[in-house]
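In: Following is a predicted model, sequence given first.
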Amino acid sequence: MTPKRTLLLIAAFVAFMLGSFIWYIATWDAEKRAPTSQIQTTLSPTGATS
């Protein structure tokens, strides 16, 4: 493989990874995701945590 072709493959891979990351962030919907924390806090009607 020539150095030019290698650099093009690396650039294509980086562009794909960057594009995938941007797509993931752009389509993120926090309401569809389960919380990663197992600590559940509940809010009282006054807004204070119990």
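Out: Arrived safely, thanks for sending. Numbering: from 1, shown residues only.
In: can we go C-alpha only for contacts and neighbour counts from here?
Out: OK.
In: Distance check, residue 6 against residue 19.
Out: Note on residue 6: its distance to residue 19, by C-alpha to C-alpha, to the nearest Å, is 20 Å.
In: Contact partners for residue 24?
Out: Applying C-alpha atoms under 8 Å, 6 or more residues apart in numbering to residue 24 gives no contacts.
In: Can you check the pLDDT for it?
Out: We note a pLDDT of 93 for residue 24 in this prediction.
In: again with the one 5 residues further on
Out: pLDDT, residue 29: 85.
In: Please report the distance of it from residue 23.
Out: Distance of residue 29 to residue 23, computed by C-alpha to C-alpha: 12 Å.
In: for residue 13, same thing?
Out: 15 Å.
In: tell me which element residue 15 falls in.
Out: Assigned by DSSP states H and E, residue 15 belongs to helix 3-26.
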